[in-house]
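Peer 1: give me coordinates for this.
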Amino acid sequence: MQTISLKSNSPDMIIPLLKNALDREKRILIETLRITREKINNLSKDLGVDVNKLMKGDVVHTEDNDMQLIELEGEIEISRHIEAELKELESVEICK
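Peer 2: Next comes the predicted model:
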């Protein structure tokens, strides 16, 4: 883990602000992830598709389902990206 330093004239004021900002961002990401997972579940149910098989390329795209499968794949990628961001934020430690 690497250390990032910040300089401030009033660290006693800035540290709580930074902690609050990180907490707020985590809450936003958690809610966004919940919404994205809900979309994934709904789309996969509507299409009758196993998400793991889809991401392995084991689901056939047809003219009828192509756009919905692309949307589902996009939501899955968004979910993975959000999960990675959340993991990074959760690893941040603010030291005095």
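
Peer 1: most centrally placed residue in the protein?
Peer 2: Geometric centre of the chain, nearest residue: residue 82, 1.3 Å, by Cα atoms, centre = their mean.

Peer 1: buried sites along whichever strand or helix holds that one?
Peer 2: Taking DSSP states H and E as the definition, one finds residue 82 inside helix 66-90. Neighbour-count burial for helix 66-90 flags 69, 72-73, 75-76, 78-79, 82, 86 (criterion: 16 or more other Cβ atoms under 10 Å). All C-beta spots, glycine's among them, are computed from the backbone N, C-alpha and C.

Peer 1: what packs against it?
Peer 2: When contacts are defined as 3 or more Cβ pairs under 8 Å, 6 or more residues apart in numbering; DSSP states H and E, helix 66-90 sits against helix 11-47, helix 51-56.

Peer 1: so for the shortest one, mean pLDDT?
Peer 2: Put plainly, it is helix 51-56. The average pLDDT for helix 51-56 rounds to 92.

Peer 1: great, nothing more from me.
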